[in-house]
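Colleague: Predicted model follows, preceded by the sequence.
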Amino acid sequence: RIGTLYVPAEVNSVFYKEQLEATAKRLDLELEALGVSSSAEVSDAALALCGRNIDVICQISDNLTGSTFASIVQAANKSRIPLIGFPPSQAERGAFMTLSTDYYDNGVASARLAMRVLNGEDPAHIPFVPVTKTTFTVNLAAASQLGITIPDSLVNGADKVIR
């Protein structure tokens with residue numbers, strides 16, 4: 001059973017929750033998703049989520065839970081529930097692993113597009129090119145605290161390893 005918090009008022013959060021639901025269903029996993037609407041709710045909601053017999057928190061990315069991620073880490077650690085994130089920075093903040101496109105790389109790609117437009121190129125003639133580079137980060141210290149052994153093959157394939 002996978003748990004996540006999401007923000008019904010953030011379209012990106014709802015989109016990611018729906019993607020996680022579809023993936024979980026395809027893999028025959030159950031998803032427990034709790035909606036939150038303010039930073040004051042996140043800590044209590046994270047604890048409530050941990051109390052719903054979940055095996056792991058797979059925290060989707062959005063503005064609210066990103067800014068209150070420390071509360072989610074605290075609840076997961078208190079409940080001894082593994083936490084997976086998406087932005088690479090979340091591994092540095094307590095998730096035992098993350099996998100996603102990197103916001104920094106997305107920013108660089110956006111800046112390059114902006115420069116093309118500022119230099120006179122017609123935006124209508126610039127093809128859409130998604131950022132495809134993903135970053136896989138493992139936090140061995142966080143995994144160890146939970147008794148999780150990450151296979152060497154995953155550690156060796158990681159873009160970043162936090163010890």
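Modeller: Sure, I can see it. Numbering: from 1, shown residues only.
Colleague: Doesn't Val42 belong to a helix?
Modeller: Yes - according to DSSP: H, G, I helix; E, B strand; the rest coil, Val42 belongs to a helix.
Colleague: Tell me how many other residues crowd the residue lying closest to it once chain neighbours are set aside.
Modeller: Counting by C-beta to C-beta, 6 or more residues apart in numbering, Thr68 is the residue found nearest to Val42 once chain neighbours are left out, at 4.1 Å. Bear in mind the C-beta positions are built from the backbone N, C-alpha and C, glycine included. Applying other C-beta atoms under 10 Å, we find 20 other residues in the vicinity of Thr68.
Colleague: Spit out the contact partners of Thr68.
Modeller: Thr68 sits next to 39, 42-43 when contact means C-beta atoms under 8 Å, 6 or more residues apart in numbering.
Colleague: between these, which is nearest Thr135?
Modeller: Set against Thr135, the nearest of those by C-beta to C-beta is Val42 (24.7 Å).
Colleague: I'd guessed the closest one sits against Gly35; true?
Modeller: No - counting by C-beta atoms under 8 Å, Val42 stays clear of Gly35, with 11.0 Å between them.
Colleague: Is it correct that Asn53 falls within a helix?
Modeller: No - remark: Asn53 does not belong to a helix; assigned using three-state DSSP, it is coil.
Colleague: Can you tell me how far it is from Glu41?
Modeller: Applying C-beta to C-beta, to the nearest Å, the value for Asn53 to Glu41 is 21 Å.
Colleague: same check, this time on Glu92
Modeller: In this view, Glu92 and Glu41 are 24 Å apart by C-beta to C-beta.
Colleague: Looking at these two, which has the bigger crowd around it?
Modeller: Remark: of Glu92 and Glu41, Glu41 carries more neighbours, 18 against 15, as counted by other C-beta under 10 Å.
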